[in-house]
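K.L.:
make a model of this:
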Amino acid sequence: MFRFEDPIYLYLLILVPILVAIRMMGLRKRKKQLAKFGDPALLKQLMPDLSSTRREIKFWLMISVIALLAVMLARPQMGTKISQEQRQGIEVVIALDISNSMKATDVVPSRLDKSKMLIENLVDNFTNDKVGLIVFAGDAFVQLPITSDYVSAKMFLQNIDPSLIAVQGTNLAEAIELSSRSFTKQDKIGRAIIVITDGEDHEGGAEKAAKEAKKNGMRVFVLGVGSPKGSPIPDGNGGYMKDNTGQEVMSALNEQMCKQIAQAGGGAYIHVDNNNVAQRQLDNEIAKLQKGDILNVVYSEYDEQFQAVGILVLLILVIETIILESKNPLLKRIKLFK
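P.N.:
Numbers count the residues shown, from 1 in each chain. Okay, here's the model as predicted:
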């Protein structure tokens, strides 16, 4: 595993585009000043030993040195010793509905964005637990295999968008079945499937899938997002989606169906609206799950890698020193630069 011990020094890389911008402005100013003395082509003939290419190469070499020094100060390290630790935790697979109806704004800022916030807050409360992420609409697929890497989980979460799945619809059964197959093979550990949806099941079979998950030792929780009264679906162009007759499509939360799926899966139904009650209810339900031994891969020793970066910096500095801004009279016949 690769890491930086002091990543704050990587902010020094901001100097690179700043210096490049200053360089570009300086070159532009220099060209204007030279133009005042005469024709640029004539001036180049009067200074045959001066090489603009050499100056450019020397500049970019120094920029490389600055960037590499920032990396060196950040202390790059490579994990060398791997150990497995047993910790008490649970396994949670989250199945998130990303169908177009999740764009509805009856929950602020939208059903999908509210769901993402719930998931992120849930992950922030995890310590030794594992989490996986499934996204579904008309199809379902694994967005993130079950892991204890919470940073990656939140990164993958932010990239979720309805455009990830071309087939529209809400196939809850496939989402639950795929979630059931996404857990590890460890025994005696609490497992939960958290389905977050607006409850419009277009395919059927969700209750059967939830019962099968319960039979295999998993609990299925359903978070219903939105209003039972319904809400129009934004089309992304300032208007709302319409059906074949030109009427606005209204997406309403099917609470009855959500409750039936949760009951079949031995879990609980939680309604998600514009307050934070759902978050507290979910945290309380997850806390009730039996914790079991979870194996986590841990890198306990790291080797410093800054020495290699330092050698590269020295090599670049040597090359930069050797390259002169004017042509070497002894090497005129060797045309490496213009």
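K.L.:
from now on I want contacts and neighbour counts done on CA atoms only, so please keep to that.
P.N.:
Noted.
K.L.:
please work out the average pLDDT along the strand or helix carrying S179.
P.N.:
When elements are assigned from DSSP states H and E, S179 belongs to helix 172-180. Averaged across helix 172-180, pLDDT comes to 96.
K.L.:
after it, which helix or strand is next?
P.N.:
Counting by DSSP H and E, the element after helix 172-180 in chain order, helix or strand, is strand 191-197.
K.L.:
give me the distance from that following strand to the chain's centre.
P.N.:
With Cα atoms, centre = their mean, to the nearest Å as the basis, strand 191-197 stands 21 Å off its chain's centre.
K.L.:
which strand or helix spans L223?
P.N.:
Counting by DSSP H and E, the element that carries L223 is strand 218-225.
K.L.:
pairing partners for the next helix or strand after that strand, with directions?
P.N.:
For strand 218-225, the succeeding helix or strand toward the C-terminus, using DSSP H and E, is strand 231-232. Partners of strand 231-232 in the sheet, by DSSP bridges, are strand 250-251 (antiparallel).
K.L.:
and the following helix or strand past the strand it pairs with, which residues are buried?
P.N.:
Using DSSP H and E, the helix or strand that directly follows strand 250-251 along the chain is helix 255-264. Judged by neighbour count using 16 or more other Cα atoms under 10 Å, the buried positions of helix 255-264 are 255, 257-264.
K.L.:
list of residues touching the helix holding S179?
P.N.:
Applying Cα atoms under 8 Å, 6 or more residues apart in numbering, the set of residues contacting helix 172-180 from outside is 93-95, 134-136, 139-142, 193, 195, 201, 203-210, 213, 218.
K.L.:
and with 7 Å instead?
P.N.:
Residues external to helix 172-180 that are found in contact with it (Cα atoms under 7 Å, 6 or more residues apart in numbering): 93, 95, 134, 136, 140, 193, 201, 204-206, 209-210, 213.
K.L.:
and for stretch 154-162?
P.N.:
Applying Cα under 7 Å, 6+ apart, the external contacts of stretch 154-162 come out as 98-100, 116, 120.
K.L.:
now the strand or helix carrying A70: how far from the chain's centre is it?
P.N.:
A70 is part of helix 52-73, with elements assigned from DSSP H and E. Here the centre of mass of C-alpha atoms in helix 52-73, compared against the chain's by Cα atoms, centre = their mean, lies 31 Å away.
K.L.:
mean confidence score for it?
P.N.:
pLDDT averaged over helix 52-73 gives 89.
K.L.:
okay, buried residues for that helix please.
P.N.:
Of all the residues in helix 52-73, those buried under the rule 16+ other Cα under 10 Å are 54-55, 58-59, 61-73.
K.L.:
what's the answer for stretch 126-146, then?
P.N.:
So for stretch 126-146, counting by 16+ other Cα under 10 Å, buried means 128-146.
K.L.:
equivalent analysis for stretch 308-319, please.
P.N.:
The neighbour-count check on stretch 308-319 (16+ other Cα under 10 Å) flags 309-310, 312-313, 316-317 as buried.
K.L.:
using CSV, lay out these together with secondary structure and pLDDT.
P.N.:
Formatted as CSV, those follow (DSSP: H, G, I helix; E, B strand; the rest coil; pLDDT from 0 to 100):
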residue, secondary structure, pLDDT
V309, helix, 89
G310, helix, 90
L312, helix, 92
V313, helix, 92
I316, helix, 92
L317, helix, 91
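K.L.:
who's in contact with the helix or strand hosting F141?
P.N.:
The secondary structure element spanning F141 is strand 140-147 (assigned by DSSP H and E). Identification of contacts with strand 140-147 by Cα under 7 Å, 6+ apart yields 130-135, 153, 174-175, 182-183.
K.L.:
touching, I261 and G205? I think so.
P.N.:
No - between I261 and G205 there is no contact under Cα atoms under 7 Å: 9.7 Å.
K.L.:
so which of the buried residues of stretch 308-319 is the closest to A278?
P.N.:
Top of the list for closeness to A278, among those and by Cα to Cα, is V309 at 49.6 Å.
K.L.:
tell me which residues of stretch 142-160 are tucked away?
P.N.:
Residues 142-148, 150, 153-154, 157, 160 are the ones in stretch 142-160 that count as buried (16+ other Cα under 10 Å).
K.L.:
ok, back up a step: export the buried residues of helix 255-264 as a markdown table, with columns for pLDDT.
P.N.:
Formatted as a markdown table, the buried residues of helix 255-264 follow (pLDDT from 0 to 100):
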| residue | pLDDT |
| --- | --- |
| E255 | 93 |
| M257 | 92 |
| C258 | 94 |
| K259 | 95 |
| Q260 | 94 |
| I261 | 95 |
| A262 | 96 |
| Q263 | 96 |
| A264 | 96 |
